[in-house]
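Give me a 3D structure for the following:
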Amino acid sequence: MRIAILGWGSLIGRPGDMLIEGQWEPNGPVLKIEFSRISADGRLTLVIDPKHGSDVKTQYVKSRRSAIEDAICDLMIREGTDCANIGKCTKQNSGDCEYANIRDWLNDSDCDAVIWTNLKSNFEKKWERVPFSLENAFRYLHSLPSICKANARNYINEAPEPTQTRLREYLKSKGWL
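The predicted structure is shown next:
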């Protein structure tokens, strides 16, 4: 089985111990991506966010694993999460795919399956019930202690260049990046 792994953030530059084949390719599916998840260390991290996300052309790399369960395990370990937070779509069951753009991309590719980190936005849940918006995200980042703020800024700056989101542009316009 040929398995693709989708990426749009730190996974691209730091795949960890995942067994991958070749280089990241720039022509993955277009997905709605935004820095709208608050991580355990306070950073705003990139997730698929259908409500607030910007259209981002994702990247993909092929797994050296031939069993989808093994490729999922690699990604779970790299992301420090469980299988509930790993999305998957196979050509055999593409009708069950959560995102039409991923399903369509897979069906047009030479891969048999695709997996991705499927964490959700948790901004409102984690930050005092304040809904995600560009201004609220800016306020949140300003509220962080200086070390956490520097870590958050580095994470956003180090995201791959093609991953341009509305928040990233907003932070640039405010001189925060």
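
Report the contact partners of the spatially most central residue of the chain.
Nearest residue to the geometric centre of the chain (Cα atoms, centre = their mean): residue 47, 4.2 Å. Neighbour list for residue 47: 33, 34, 36, 37, 117, 119, 120, 121 [criterion: Cβ atoms under 8 Å, 6 or more residues apart in numbering]. Just so you know, the C-beta spots here come from the backbone N, C-alpha and C atoms, and that holds for glycine as well.

Give the buried residues for the longest strand along the chain.
Looking across the chain with DSSP state E, the single longest strand is strand 30-38. Neighbour counts using 16 or more other Cβ atoms under 10 Å place 31, 32, 33, 34, 35, 36, 37, 38 of strand 30-38 among the buried residues.

In JSON lines, list the residues you listed along with distance to residue 53 and pLDDT.
Listed next are the buried residues of strand 30-38 as JSON lines, based on distance: Cβ to Cβ, whole Å; pLDDT from 0 to 100:
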{"residue": "31", "distance to residue 53": "7", "pLDDT": "98"}
{"residue": "32", "distance to residue 53": "3", "pLDDT": "98"}
{"residue": "33", "distance to residue 53": "5", "pLDDT": "98"}
{"residue": "34", "distance to residue 53": "4", "pLDDT": "98"}
{"residue": "35", "distance to residue 53": "10", "pLDDT": "98"}
{"residue": "36", "distance to residue 53": "7", "pLDDT": "98"}
{"residue": "37", "distance to residue 53": "11", "pLDDT": "98"}
{"residue": "38", "distance to residue 53": "16", "pLDDT": "98"}
